[in-house]
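Enquirer: Predicted model and sequence follow; I will ask about them next.
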Amino acid sequence: MTVESPTTDPVRPARAFTPRAVGIGVALALTLAWVAPWNDWYLDNSYLFNNYLPPTATTVLLVLALVVNPLLGRRRLGRGELAVITALVLAVAGVASSGFARYWSIVVAGPARKLVRQPDEALRLPMDQAELARVVASLRAEFTADFAAVDADGDQRIRADEAWGAATVARDDRDGDGALDADEYVAGRLAHDARAHATWRWALPPALFLGVPAAGATDTDDAEYQHVVDGYIDGAGRTASCTRTSWRCRAGNANATRAARSSTSTATSARRWPGCARDPVSSRRRSVRSRSWRSSRR
């Protein structure tokens with residue numbers, strides 16, 4: 001006589017990647033990703049993710065595991081689900097704080113500053129005529145777009161009272177009609193832009209690094225360079241992107257630039273136009289200003 005042993009179904013392990021685990025983890029991660037920049041750079045507090053086991057994230061996870069989870073009763077989270085939540089919360093640090101956001105900005109802004117203060121001749125590459133032609137074509141497209149922005153009344157002509165300055169208009173006015181059309185404007189910009197006449201370029205691609213020109217040396221008087229590179233590394237007040245700043249010189253010439261973005265950019269941009277005095281009398285700025293930040297925290 002044989003006795004059959006009772007068959008028992010194998011116990012299935014609890015799933016870790018459950019919808020609720022992923023949902024809770026993503027919700028906590030997104031919340032910390034939003035709070036981290038506000039805490040780190042606006043309030044200037046200690047970084048939320050300041051090491052490999054950040055206290056803030058650890059506290060949130062401990063409260064979830066030791067306080068909230070026991071209250072769920074039979075629906076409490078399993079160990080695998082808690083592991084998934086922990087992984088999502090810790091992974092966000094690599095993007096929102098000490099990983100990507102903290103170091104990526106200095107990586108893309110730092111090389112331009114380095115090339116200005118410590119230029120390395122080995123990084124200079126000669127340019128042939130084909131490369132220079134591509135640079136000139138890119139500048140021509142950029143200046144054509146700027147012409148449309150400066151032309152306030154939309155008549156395809158820029159006069160001295162439209163913000164370009166009488167001296168500059170007189171300098172580039174080839175037909176002597178007292179105004180600049182698009183061809184005269186672009187030709188004048190190209191004639192006085194060092195990038196259009198450069199014979200070399202930096203080995204670093206300008207599409208990846210801020211402040212690195214497409215050709216020739218870096219223009220440290222450029223308002224955008226001062227805000228994006230010097231302003232970020234040294235600390236400067238922030239303004240809204242593409243802020244238009246206008247001012248009137250002591251000579252009475254009205255001037256405007258779309259690249260003036262920081263508190264020091266107005267005077268710098270004024271120095272770039274020969275028809276304007278070095279110190280503007282007044283400026284009318286439409287911008288969104290916020291607190292400054294310092295590179296000592298990086």
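Expert: Right, received. Where do you want to start? Predicted, not measured: the structure shown is a model, and the values here were computed from it.
Enquirer: can you point me to the longest helix in the chain?
Expert: Of all segments of type helix in the chain, defined using DSSP state H, the longest is helix 129-150.
Enquirer: what residue ranges in the stretch 151-298 of the chain score low on pLDDT?
Expert: In the predicted model, the stretch 151-298 of the chain carries pLDDT under 70 at residues 163-165, 235-298.
Enquirer: At which residues are the helices of it located?
Expert: 166-172, 182-191, 223-225, 231-234, 265-272 (DSSP state H, counting those that start in this stretch).
Enquirer: and of the ones you listed, who's closest to Trp104?
Expert: helix 231-234 (11.8 Å; CB to CB). Heads up, the C-betas are built off the backbone N, CA and C, glycines and all.
Enquirer: Can you list the buried residues in that closest one?
Expert: Within helix 231-234, the residues scored as buried using 16 or more other CB atoms under 10 Å are Gly231, Tyr232, Ile233.
Enquirer: how about the nearest residue to the second one once chain neighbours are set aside, what does it touch?
Expert: If the residues on either side of it in the chain are set aside, Tyr232 comes closest to Ala109, at 5.0 Å by CB to CB, 6 or more residues apart in numbering. Contact criterion CB atoms under 8 Å, 6 or more residues apart in numbering gives Phe209, Leu210, Gly211, Val228, Val229, Tyr232, Ile233 as the residues in contact with Ala109.
Enquirer: switch to 10 Å and redo it
Expert: Phe209, Leu210, Gly211, Val212, Tyr225, Val228, Val229, Asp230, Gly231, Tyr232, Ile233, Ser295 (CB atoms under 10 Å, 6 or more residues apart in numbering).
Enquirer: can you tell me the helix or strand for it?
Expert: Using DSSP states H and E, Ala109 maps to helix 100-117.
Enquirer: CA atoms only: put that helix into CSV for me.
Expert: Taking C-alpha atoms only, helix 100-117 is exported to CSV below (Å, rounded to 0.1, in the frame of the first residue of the first chain):
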residue,chain,number,x,y,z
PHE,A,100,24.0,66.1,-14.0
ALA,A,101,22.6,69.5,-13.0
ARG,A,102,25.5,70.4,-10.7
TYR,A,103,28.4,69.6,-13.0
TRP,A,104,27.0,69.7,-16.6
SER,A,105,26.6,73.4,-16.6
ILE,A,106,30.2,74.1,-15.5
VAL,A,107,31.4,71.5,-18.1
VAL,A,108,29.8,73.4,-21.0
ALA,A,109,30.7,76.9,-19.7
GLY,A,110,34.1,76.3,-18.3
PRO,A,111,36.2,75.6,-21.4
ALA,A,112,35.5,79.0,-22.9
ARG,A,113,36.8,80.7,-19.8
LYS,A,114,39.8,78.5,-19.8
LEU,A,115,40.6,79.3,-23.4
VAL,A,116,40.5,83.0,-22.7
ARG,A,117,42.7,83.0,-19.6
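Enquirer: List the buried residues of that helix.
Expert: Buried-residue list, helix 100-117, by 16+ other CB under 10 Å: Ala101, Arg102, Val108, Ala109, Gly110, Pro111, Ala112, Arg113, Leu115, Val116.
Enquirer: hang on, the earlier thing: save the buried residues of helix 231-234 as JSON lines, and put in distance to Ala179 too.
Expert: Putting these into JSON lines (distance: CB to CB, whole Å) gives the following:
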{"residue": "Gly231", "distance to Ala179": "35"}
{"residue": "Tyr232", "distance to Ala179": "38"}
{"residue": "Ile233", "distance to Ala179": "41"}
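Enquirer: Tell me the one of the residues you listed nearest Trp34?
Expert: Tyr232 (21.9 Å).
Enquirer: Does that closest one touch Ser105 like I think?
Expert: Yes. The criterion here is CB atoms under 10 Å, and Tyr232 meets it with Ser105 at 6.7 Å.
Enquirer: one step back: from the buried residues of helix 231-234, which single one is nearest Asp177?
Expert: Once CB to CB is applied, the member of the buried residues of helix 231-234 that ends up nearest Asp177 is Gly231, at 39.6 Å.
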